[in-house]
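Q: With the input below, show me the fold.
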Amino acid sequence: MTRSLKKGPFIHPSILKKIAGKKPLATGVIKTWSRASQIAPEMVGFTFGVYNGKVHIDVLVTEEMVGHRLGEFSPTKKFLRHGGKMQKELEVKKKEAEIAAAQSAKAVTTDTKLPAAPKK
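A: Residues are numbered from 1 along each chain as shown. Purely as a prediction, here's the structure:
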């Protein structure tokens, strides 16, 4: 359920205080733990360090982000990969193909080198 229009968007007061009367380029990274704060048009151009539970991730606010929450741009979980036996087999084949391509490229470059002119 969305927030009531009567209440307006939630923006943490400390964030508003930090950006009030400042220029985006002159201000560095603004650290915040308030992932639930909604991005307002006044925030465009500022860089926020949004906490994801471990580190602050830098988020440069653009016009397309207005209306979204700061937490949407700071993922809390690290995606490794979809896995299983099939995935490992595919990765091994891909790695072997890369090695074979590198070896063939190396062989081609050594074959095409011109012999040095004999010294007098």
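
Q: Please name the residues that touch the residue lying closest to residue 61 once chain neighbours are set aside.
A: Leaving aside its sequence neighbours, residue 61 sits nearest to residue 43 (Cβ to Cβ, 6 or more residues apart in numbering; 4.9 Å). For glycine as for every other residue, the C-beta is placed from the backbone atoms N, C-alpha and C. Counting by Cβ atoms under 8 Å, 6 or more residues apart in numbering, residue 43 touches 15, 19, 61, 66.

Q: where does residue 43 land on pLDDT?
A: Per-residue pLDDT puts residue 43 at 93.

Q: Could you tell me which of the contacts of residue 43 belong to helices?
A: 15, 19 (DSSP state H).

Q: Can you check the contacts of residue 43 and name whichever has the most neighbours?
A: Neighbour counts for the contacts of residue 43, by other Cβ atoms under 10 Å, peak at residue 61, which reaches 22 neighbours.

Q: What residues sit buried inside stretch 29-42?
A: The neighbour-count check on stretch 29-42 (16 or more other Cβ atoms under 10 Å) flags 30, 32, 34-35, 37-40 as buried.

Q: Off-centre distance for that stretch?
A: 17 Å (Cα atoms, centre = their mean, to the nearest Å).

Q: What's the end-to-end length of it?
A: 16 Å (Cα to Cα, to the nearest Å).

Q: just curious, which of the buried residues of stretch 29-42 is nearest to residue 7?
A: Of all those, residue 7 sits closest to residue 38, with 11.3 Å by Cβ to Cβ.

Q: Show the contacting residues for the closest one.
A: 9-11, 67-70.

Q: can we see that at 10 Å?
A: 3, 8-12, 65-70 (Cβ atoms under 10 Å, 6 or more residues apart in numbering).
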